[in-house]
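J.: Sequence and predicted structure, then a few things I'm wondering about:
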Amino acid sequence: MRFNPKADISGGRVRDVGGSGGGGGGGMRIPIPGGTRAGGGIGGLIIIILFVVLTQCVGGGGGLPSPGGGTSSQGQGQPQGIDPNDDRYANCKTGADAADDPDCARKATAVSLEDYWSSELPKETNIEFVPATINTFAGAVDTGCGQATSQVGPFYCPSDQQIYLDTTFFKDVLEGQLGGQGGDFVEPYVLAHEYGHHIQNLMGTMGKVRTQQGADSDAVRLELQADCYAGMWTAYAEDSNLITLDDGDIKEALDSAKAVGDDRIQQKSGQGVDPEGWTHGSSEQRMAWFTKGYEGRTLDSCDTFSASQL
């Protein structure tokens, strides 16, 4: 992945919100028997399902369930602990900066996502595009969906319409525990998936979710659609004036989608594959729907809720 050195990336909505360094949160964790063993062994090595909070934030009732199990009313909850003097992204001005600094690359990705969806969403629907802010944090952070820790992994909170990630996730969990190959396009794919959830929120698609588990559940359809939207953006980015991609970048995205498939995670847990417990889709499904978006490039091509087979 390369960036146009003359491109202006100063407008990307990315900020660092610090963090409390610990505390509550929740999220969906999978215990993996194994890891470092001593005596009887460790039965609780914990890894995290990527993009987990969304399946907990699409509930009904008077509010949205938080990562910790509480509720939060729509529109409440801005990130706490923001340092007004934080300068993590202050020097991210051009594509040349993005080539030298992963923080600036994140900001360039945000610019590209905003540019794409600000054009694509109104073109295909009558819905006004409202950009999402990407927040980086460490340890724990308060959000409109409640307090979340870095263990939750990258997530989108529909209540405050913002994306959150601890950037250590990619090396520590996605590569270290889930066995992904890594690469410079892994994070952009993840951010594009989370931005896909933002588009779903703007379109009202989240209101379609009734069933939370199972291979044919609404939750799985929602997640696969977000993968498909990530593919749509990737096709756009490949042809844009800001980012230049190659075949290796597409392979990195597909490998990441494979690494976070429900069947792959269940296999690593040592408990066997059980489609009844799926919330995000299999590795094959996630790669397939990313490819559908990459090749189809339209919202209609990503209509997982009408698909007879996922």
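T.: Sure thing, it's come through. Numbering: from 1, shown residues only.
J.: Tell me the gap between the helix or strand hosting Tyr116 and the middle of its chain.
T.: Assigning secondary structure by DSSP states H and E places Tyr116 in helix 102-124. Distance, stretch centre to chain centre, for helix 102-124: 14 Å (Cα atoms, centre = their mean, to the nearest Å).
J.: What strands line up against whichever helix or strand comes after it, and which way round?
T.: Next in sequence after helix 102-124, counting helices and strands by DSSP H and E, comes strand 133-136. Strand pairing for strand 133-136, using DSSP bridges, gives strand 14-16 (parallel), strand 162-165 (parallel).
J.: what comes into contact with the last one?
T.: Meaning strand 162-165. Residues outside strand 162-165 that contact it (Cβ atoms under 8 Å, 6 or more residues apart in numbering): 79, 132-137, 141, 143-144, 148, 153-157, 190-191, 194-195, 198. No exception for glycine: its C-beta is placed from N, CA and C like everyone else's.
J.: Just the buried ones from the residues you listed?
T.: Applying 16 or more other Cβ atoms under 10 Å to those, the neighbour count classes 79, 132-137, 141, 143-144, 148, 153-157, 190-191, 194-195, 198 as buried.
J.: pLDDT (mean, whole number) over the helix holding Tyr116?
T.: Helix 102-124 shows a mean pLDDT of 96.
J.: buried stuff in it?
T.: For helix 102-124, the neighbour count (16+ other Cβ under 10 Å) marks 103-117, 120-121 as buried.
J.: which residue is nearest the middle of the protein?
T.: Glu194 (3.4 Å; Cα atoms, centre = their mean).
J.: Mind telling me what element that one is part of?
T.: Judged by DSSP H and E, Glu194 forms part of helix 186-203.
J.: wait, isn't Leu222 in contact with Val209?
T.: Yes. Assessed by Cβ atoms under 8 Å, Leu222 is found in contact with Val209 at 5.6 Å.
J.: higher neighbour count, these two?
T.: The residue with more neighbours, out of Leu222 and Val209, is Leu222; 26 against 21, by other Cβ atoms under 10 Å.
J.: Wait, a helix at that one?
T.: Yes. Using DSSP: H, G, I helix; E, B strand; the rest coil, the secondary structure at Leu222 is a helix.
J.: Distance-wise, check it relative to Glu238.
T.: According to Cβ to Cβ, to the nearest Å, Leu222 stands 25 Å off from Glu238.
J.: what's the answer for Asp249, then?
T.: Plainly put, Asp249 is 8 Å away from Glu238 if you go by Cβ to Cβ.
J.: neighbour count winner among these two?
T.: Using other Cβ under 10 Å, the more surrounded residue of Asp249 and Glu238 is Asp249, with 22 against 15.
J.: Does the more buried one touch Met1 like I think?
T.: Yes. At 5.1 Å, Asp249 counts as touching Met1 under the criterion of Cβ under 8 Å.
J.: Need the overlap of contacts for those two.
T.: The contact sets of Asp249 and Met1 overlap at Asp184, Phe185 (Cβ under 8 Å, 6+ apart).
J.: Gly272 reaches Ile265, doesn't it?
T.: No. Using Cβ under 8 Å, Gly272 is not in contact with Ile265, being 11.9 Å away.
J.: which of these two has more neighbours?
T.: Between Gly272 and Ile265, counted using other Cβ under 10 Å, the more crowded position is Ile265 (23 against 8).
J.: what's the helix or strand for the more buried one?
T.: Going by DSSP H and E, Ile265 is in helix 262-269.
J.: Tell me how far that helix lies from the chain's centre.
T.: On Cα atoms, centre = their mean, the centre of helix 262-269 falls 19 Å from that of its chain.
J.: Also stretch 249-262?
T.: 13 Å.
J.: Now do the buried residues in that stretch.
T.: So for stretch 249-262, counting by 16+ other Cβ under 10 Å, buried means 249-250, 252-262.
J.: and what of stretch 207-227?
T.: Within stretch 207-227, the residues that count as buried by 16+ other Cβ under 10 Å are 209, 213, 215, 217-227.
J.: Which two among those are spaced furthest apart?
T.: Gln213 and Asp227 (18.0 Å; Cβ to Cβ).
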